[in-house]
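> Any chance you can model this:
(one chain, ligands or ions: 1)
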Amino acid sequence: MKVLVPIKRVIDYNVKPRVSPDGSGVDLANVKMSMNPFDEIAVEEAIRLREQGVAHEVVVVSIGEAKAAEVIRTALAMGADRGILVRHDAPLEPLAIAKVLARLAQEEEVRLVIAGKQAIDDDMSATGQMLAARLGWGQACFASELRIADGVAQVTREVDGGLQVLSVPLPAVVTTDLRLNAPRYASLPNIMKAKKKPLAERDFATFGVPADPRLQVLATDEPAARAAGRKVGSVAELLEKLKEGGLV
Ligand code: AMP
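The predicted structure follows:
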């Protein structure tokens, strides 16, 4: 079974984002970029499936500018087998990404796509769902456990108040939640080896997918600054302050 893992290059999760001067979005000039954390979890899960003998090949794909090749190399160093970079220099919305991924999933004849549950830059959490819909495949999003047997994926999902277990026949799309696994670090020898692994480049324009945006960003604002806290000496004082503030 071949597994496709879409990975996005996003602002590093340790970086405090700054709003760009014109308010159109986040300022990415000279900012550290990395693989979307949920996509690292997806790559790890796919590699584990290959190590268990459930999958035979893990293909990672990133759609974006030339620098997106960096996150592909990271995934290859973690253990993915092959990478595809679909070049497009402007940001794309989930529908366009899903259309490209659907084409690749069909061309590559994959049985499973493992995507992140959301990209931490725009927090859309839409691509995996749209991809499953376009392919007409089942979907199990926000997986905290994944088991594959007899052509069926059994996915545990964290839902309000408990866990839900879904059974989805393959081919299917699964998206990863934070608790699915702890991704491995790429070792230096594997980083060196990854340089020799195949990375194909494709042009987004050849997919015939419209790139024009359907969403318009009206404003991007910094979160309101929080007022400084106060220290209280006792529970009694805390209750008094809460009463004063009308909070109890
Ligand atoms: P989103 O719907 O934008 O929150 O993204 C959800 C998931 O879709 C991500 O975690 C990735 O697995 C995948 N994805 C989104 N954008 C891209 C992209 N430009 N290239 C590759 N995969 C992507």
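
> OK, contacts around the closest residue to residue 135 other than its chain neighbours?
Ranked by CB to CB, 6 or more residues apart in numbering and with sequence neighbours excluded, the top spatial neighbour of residue 135 is residue 102, at 5.3 Å. (Glycine included, C-beta is placed from N, CA and C.) For residue 102, the set of contacting residues under the criterion of CB atoms under 8 Å, 6 or more residues apart in numbering consists of 131, 134, 135.

> so how many other residues sit close to the closest residue to residue 33 other than its chain neighbours?
Counting by CB to CB, 6+ apart, the nearest residue to residue 33 once its immediate chain neighbours are dropped is residue 9, at 5.3 Å. Using other CB atoms under 10 Å, residue 9 has 23 neighbouring residues.

> Before we move on, what's the pLDDT of residue 9?
The predicted structure scores residue 9 at 98 on the pLDDT scale.

> The ligand versus that one, what's the distance?
Taken as CB to the nearest ligand atom, to the nearest Å, the spacing of residue 9 relative to the ligand amounts to 8 Å.

> Need phi/psi at that residue.
In this entry, residue 9 is assigned phi and psi values of phi -90, psi 120 (degrees, to the nearest 10).

> Residue 117 is in contact with residue 140, isn't it?
No. Applying CB atoms under 8 Å, one finds residue 117 not in contact with residue 140, separated by 10.8 Å.

> Common neighbours of the two, please.
Residues touching both residue 117 and residue 140 comprise residue 175, with contact defined as CB under 8 Å, 6+ apart.

> on that earlier part again, how about the helix or strand hosting the residue nearest to residue 135, which residues are buried there?
Under the assignment given by DSSP states H and E, the secondary-structure element containing residue 102 is helix 94-107. Of all the residues in helix 94-107, those buried under the rule 16 or more other CB atoms under 10 Å are 94, 95, 96, 97, 98, 99, 100, 101, 102, 103, 104, 105.

> so, if you compare the residues you listed, which one comes nearest to residue 35?
When the buried residues of helix 94-107 are compared for distance to residue 35, the smallest value, 15.3 Å, is given by residue 97; criterion: CB to CB.

> ok, the residue in the chain positioned nearest to the ligand - how many residues close by?
Taking CB to the nearest ligand atom as the measure, the chain has residue 116 as its residue closest to the ligand, at 2.3 Å. Using other CB under 10 Å as the criterion, residue 116 is surrounded by 26 other residues.

> got the contact list for the one residue sitting closest to the centre of the chain?
Nearest residue to the geometric centre of the chain (CA atoms, centre = their mean): residue 116, 3.0 Å. With CB under 8 Å, 6+ apart as the criterion, the residues that contact residue 116 are 6, 7, 8, 36, 37, 38, 39, 41, 42, 128, 175, 176.

> Is residue 167 bridged to anything, and to what?
On the basis of DSSP bridges, residue 167 is bridged to residue 154.

> re the thing from before, just want the phi and psi numbers for the residue nearest to the centre of the chain.
Phi and psi for residue 116, reported as degrees, to the nearest 10, are phi -80, psi 160.

> nearest residue to it other than its sequence neighbours?
The spatially closest residue to residue 116, leaving aside those adjacent along the chain, is residue 38, at 2.9 Å (CB to CB, 6+ apart).

> so who does that neighbour touch?
Counting by CB under 8 Å, 6+ apart, residue 38 makes contact with 115, 116, 117, 118, 119, 120, 175, 176, 177, 178.

> and it, what are its phi and psi?
Here the main-chain torsion angles of residue 38 (degrees, to the nearest 10) amount to phi -70, psi -30.

> Then residue 50?
Main-chain torsions, residue 50, degrees, to the nearest 10: phi -70, psi -40.

> The closest residue in space to it that isn't next to it in sequence: what secondary structure?
Take residue 50 and drop its neighbours on the chain: the residue closest to it by CB to CB, 6+ apart is residue 58, 5.5 Å away. Classification of residue 58 using DSSP: H, G, I helix; E, B strand; the rest coil returns strand.
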